[in-house]
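Trainee: Only the shape, not the letters, is given here:
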């Protein structure tokens, strides 16, 4: 039995979601068809849309289904840029330097290929984006020069939670649409679209116990969006393509359950996370926590996120040795051709490349138990000793 | 045993990993990222450094159900193999980077990291054999031997391994011919079964060594000099682009020469001169080589060996002895003169099919009197 501590990558599917998924897949039917089975599928999709909207403080008409978080982020960034570039001649993007690649890369694409300019908001040592920095970035520019602001709700690597409502308010004041990638936040933090003041919000099914391949962009009715995918005109002509009724059904079931359990889950995960961090720090291995961690804090940092820096180790050696010891986790950062690179998030937060190399992300979720955490803590001393030797050898 | 299978993404290392698994070992696949520009896509994969190669290796590992990792050794490869390659050419020598790679990457950096992580050995897809023999004192000695498939034999590029490295090395393909390995790969359902062989230097994608060196060393115009007369008979754009024995691409002013073909007979880096001469100047039978490495015990007296100076070159009967004062230096007397021997090349010494050791040729000469 291995200890799965990589819920931020993907979390096991909830039983209720799996059952709903299979059940709907057996029914079939194209939600765009006018006949009986089509109408039945459409009813499932719309009911799911209502449930998702309800769980996230949105209106059903604000839910645009996509193939997942990456597509929703791309639509938010590129779709808004295209719309605002056309309507008001906006040429600038504002984004945090610690965004997921699903935001970072579309921004860079627009800069390299379409002549856009970008103002990066750099985080402090905790990973926080300062509201004043956003204000400064928007003040310097004319109201119509910025196409969109994108700052994630909570960071996928180090778990830092951003002051989304304050940031959104500053953007609103400046008349610039505000997007937030809430993929990691939903289920762990209270996420209310209307209250947040965001114009666009990304959510993914498989991070809350639904299937991979489905997600949504919550978009206010007045959010300007040019579609990336053209076709049959589904999803208010913003995102064409036959709707995945089974996936959407399972997404709604998982999300509803995750949001209903959020408060209880947050308390449970915070306790588990603190057990893990306290245990790791107490091993006398020189381990530190990246970002800012306070025991019991369930709102400043994702309850399920522990991110450790192990000095003198290569992340990939740690991963291999932990995997061999039955503990599955991640470095948290993306690979290039399979070669781990120091995380752009840690570097933006001011860590040195050498420090960032020994990063380890342990992320907890709905199936995590104390014995998972203890298995990790038990394996760690020998793993670190080995990894340090390997680092010296190579 | 716990074994790291070095997986290049080619057919040979794929079958090698599979065979280690079949033999009951606990196997983890490791692909070495040797180039910083690994992310660039290349049309025809030539062996080591493309993103497709890493992907091919991963597919095989997934099929075998073994863990797979990419280890970044680009910095070390740059320093120990590529920089060395450039420096050797700049010094007028002709290096073999595959030996350097085996010596300092595959059976040093990779092996050391593997051992530190708790593995016992490294397996590669080289065509060579390790034979275990019980010595008179009862100790088991591992010897390196040529592969069964003479056409594919790669014992030459492994001649740099010492006894400790050999003790941690597996070459599971040495007893099989290449066509059989391809059949086996196909039978195992590996997508790489029909992938073309890699022949060239892996970091020179288009095979144009001179062009690659020009990019690193710049053009260095100099003179082409007739070794017999001392006359300047042409010019070149960099002495590093020439190697002893080379006949083509000399850019000679034909009218200054008689009809006999001319060859490069020497490259003098300090004066940036390329020396040319007729074929009779090419043959040498005395080699002085340094950087000696012994795959077992070093010879204590002059020994009868077969000497090979090129990866797929002929083996020539010879006598070899370690220098009286410098144990890193070897003197080799060839029974017959050999053409096209360049300083920088490795001479690998064999006793039958067994690899005795290797050394890097520093100087060549012709014996005044034929050795008796």
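Mentor: Ah, there it is. Quick caveat: nothing in here was measured; it's all calculated off a predicted structure. Residues are numbered from 1 along each chain as shown, chains lettered A, B, ... in the order given.
Trainee: what ranges do the strands span in chain A?
Mentor: Along chain A, counting by DSSP state E, strands occupy A:3-4, A:63-66, A:92-96, A:117-121, A:146-150, A:178-181, A:200-204, A:215-219, A:288-289, A:305-309, A:327-328, A:335-336, A:339-340, A:359-363.
Trainee: in its sheet, what does the first one sit against?
Mentor: Spelled out, that is strand A:3-4. strand A:327-328 (parallel) (DSSP bridges).
Trainee: Tell me which residue in chain B sits closest to chain A.
Mentor: residue B:70 (3.2 Å; CB to the nearest CB). (Each C-beta comes from the backbone N, C-alpha and C, glycine too.)
Trainee: In chain A, which helix is the longest?
Mentor: Counting residues, the longest helix in chain A under DSSP state H turns out to be helix A:245-281.
Trainee: name the helices or strands packed onto it?
Mentor: helix A:15-27, helix A:36-55, strand A:288-289, strand A:305-309, helix A:370-393 (3 or more CB pairs under 8 Å, 6 or more residues apart in numbering or on different chains; DSSP states H and E).
Trainee: Give the rounded mean pLDDT of that helix.
Mentor: Helix A:245-281 shows a mean pLDDT of 98.
Trainee: Same check on stretch B:266-274?
Mentor: Averaged across stretch B:266-274, the pLDDT comes to 91.
Trainee: Stretch B:63-74 too?
Mentor: For stretch B:63-74, mean pLDDT rounds to 92.
Trainee: do stretch A:202-210 as well
Mentor: Averaged over stretch A:202-210, pLDDT sits at 98.
Trainee: Between the two ends of that stretch, how far is it?
Mentor: Terminal residues of stretch A:202-210 are spaced 15 Å apart (CA to CA, to the nearest Å).
Trainee: picking that back up, need the helices and strands packed on helix A:245-281 in TSV with mean pLDDT and mean neighbour count, can you?
Mentor: As requested, the helices and strands packed on helix A:245-281 are exported to TSV (pLDDT from 0 to 100; neighbours: other CB atoms under 10 Å in any protein chain shown):
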stretch	mean pLDDT	mean neighbour count
helix A:15-27	97	16
helix A:36-55	96	18
strand A:288-289	96	16
strand A:305-309	97	26
helix A:370-393	94	19
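Trainee: Out of the ones you listed, which gets nearest to residue A:346?
Mentor: strand A:305-309 (8.1 Å; CB to CB).
Trainee: Parallel or antiparallel, which strands does the closest one pair with?
Mentor: If you go by DSSP bridges, strand A:305-309 pairs up with strand A:288-289 (antiparallel), strand A:359-363 (antiparallel).
Trainee: for those, which one ends up most surrounded?
Mentor: Each of these was scored by mean neighbour count; the highest is strand A:359-363, a mean of 27, by mean count of other CB atoms under 10 Å in any protein chain shown.
Trainee: How far away from the center of its chain is it?
Mentor: Centre-to-centre, strand A:359-363 and its host chain are 15 Å apart (CA atoms, centre = their mean, to the nearest Å).
Trainee: what pLDDT, on average, does it get?
Mentor: On average, strand A:359-363 scores 96.
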